[in-house]
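In: below are the sequence and a predicted model for it; my questions follow.
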Amino acid sequence: MERALYGPEGFYTRGERPAAHFRTSVHASHRFALAIARLIVEVDAALGHPPRFDLVDVGAGCGELLTEILPVAGLSGRLRPVAVEVAPRPEGLNPAIEWRPSLPERITGLVIANEWLDNVPLDVVELTGDGPRLVVVDPRSGAELPGPAPAPEDAEWLERWWPLREPGDRAEVGRYRCAAWASVLERLRGGLALAVDYAHERDHRPPYGTLTGYRDGRCVSPVPDGSCDITAHVALDACVEAGREAGATATVLTTQRAALRALGLRGERPPLELARSDPRGYIQALRAAGEDAELIDPSGLGSFGWLVQTVGIDVPAVLETAQTSA
């Protein structure tokens, strides 16, 4: 998975445009960027309006989210937008956006990891008659065979976060994802880190896992040959603990539906009276409502998990109301 996504001819390192293969909240509507802009204002106030506010987008794709946020974020020139991405910098990207392959060492502000953790490579373990075994994959054909037993560190993670019960059950070892998330919190000197992703919790893990591939907008077999995106849902509850151990001082774990509604995206149809008094305004409001509805749809993007962790500040009150579990 590491080579297929990030090797010399990997899916991401060769500069594939993610939007050509799958649709994220960023691609769905600029309304997502407006919600993040409101969150920036809240975090900036909690930090006491620092001289520089870092806005770091991890797994930035082609920089679409930062591009949409810049015109609406304000902060009077204090905003420092940083895109963290292994792919080459896109041509024509706003020169104000810093482009780098790794996280800054020190961050004060807001870190966004929108559908990043699901692409952090992992191993798959299957429970066999001989105990848990790594699933070994032929990178050319995708054929699978049982391999060696997982490392002790992986077995410990599985026992705590994804115990296997019946032969044939599979788990996706999220230890490296926890470490990746911890690396974000370790660099956060003050502010908020937000992970948005497909997610599940310990009591509701899918028994056969979620590993899949995407190519040209379709689900495909996750053959690790570099021809497709390879992704798996994230054990965000495990990441909560990793973030706390790395220095997080407050946590909210919720859904995108609850969080975006708290940030003002309601998806409600405008009153019909507006159609008579301001037809153009009505059409604009109707379009916004439709875009909001897609972003908060509980059977679609709205079901994504939102993991919010802070360092040195409280979780903004607007998101405290969105908490579903922690």
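Out: Right, received. Where do you want to start?
In: pairing partners for the longest strand seen in the chain, with directions?
Out: For the chain, the strand with the greatest residue count under DSSP state E is strand 188-197. Strand 188-197 has the following strand partners under DSSP bridges: strand 107-114 (parallel), strand 305-311 (antiparallel).
In: show me where the stretch 101-250 of the chain has strands.
Out: Under the criterion DSSP state E, counting those that start in this stretch, the stretch 101-250 of the chain contains strands at 107-114, 124-128, 131-137, 144-146, 170-172, 188-197, 212-215, 218-220, 229-231, 250-255.
In: so where's the stretch 1-150 of the chain shaky on pLDDT?
Out: 15-23, 27-28 (pLDDT under 70).
In: what's the answer for the stretch 201-326 of the chain, then?
Out: Scanning the stretch 201-326 of the chain for pLDDT under 70 picks out the ranges 270, 282, 285-286, 291, 324-326.
In: show me where the stretch 151-300 of the chain has its helices.
Out: Using DSSP state H, counting those that start in this stretch, the helices of the stretch 151-300 of the chain run over 152-161, 175-187, 236-245, 256-262, 272-277, 279-296.
In: now these in JSON lines, with distance to Arg133 and mean neighbour count?
Out: (Glycine included, C-beta is placed from N, CA and C.) What follows is these, written out as JSON lines (distance: least, Cβ to Cβ, whole Å; neighbours: other Cβ atoms under 10 Å):
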{"stretch": "helix 152-161", "distance to Arg133": "11", "mean neighbour count": "15"}
{"stretch": "helix 175-187", "distance to Arg133": "17", "mean neighbour count": "21"}
{"stretch": "helix 236-245", "distance to Arg133": "21", "mean neighbour count": "21"}
{"stretch": "helix 256-262", "distance to Arg133": "35", "mean neighbour count": "23"}
{"stretch": "helix 272-277", "distance to Arg133": "61", "mean neighbour count": "11"}
{"stretch": "helix 279-296", "distance to Arg133": "40", "mean neighbour count": "16"}
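In: the ones you listed into JSON lines, with extra columns for distance to Met1?
Out: What follows is those, written out as JSON lines (distance: least, Cβ to Cβ, whole Å):
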{"stretch": "helix 152-161", "distance to Met1": "14"}
{"stretch": "helix 175-187", "distance to Met1": "10"}
{"stretch": "helix 236-245", "distance to Met1": "18"}
{"stretch": "helix 256-262", "distance to Met1": "25"}
{"stretch": "helix 272-277", "distance to Met1": "50"}
{"stretch": "helix 279-296", "distance to Met1": "29"}
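In: would you enumerate the residues in contact with the nearest residue to Leu66 once chain neighbours are set aside?
Out: Among residues not flanking Leu66 along the chain, Pro81 sits closest, at 4.6 Å (Cβ to Cβ, 6 or more residues apart in numbering). Pro81 is in contact with 55, 57, 66, 69-70, 94, 96-98, counting by Cβ atoms under 8 Å, 6 or more residues apart in numbering.
In: farthest-separated two in those?
Out: Ile69 and Glu98 (13.9 Å; Cβ to Cβ).
In: between these two, who's got more neighbours?
Out: Ile69 (24 against 15; other Cβ atoms under 10 Å).
In: verify the stated contact: that one with Ile40.
Out: Yes. Between Ile69 and Ile40 there is a contact under Cβ atoms under 8 Å: 7.4 Å.
In: for the helices of the stretch 151-300 of the chain, which one sits closest to Val136?
Out: Nearest of the helices of the stretch 151-300 of the chain (Cβ to Cβ): helix 152-161, 14.3 Å.
In: just how off-centre is that closest one within its chain?
Out: 23 Å (Cα atoms, centre = their mean, to the nearest Å).
In: pretty sure Ala99 contacts Gly61?
Out: Actually, residue 99 is Trp rather than Ala. No. Under the criterion of Cβ under 8 Å, Trp99 lies out of contact with Gly61, with a separation of 11.6 Å.
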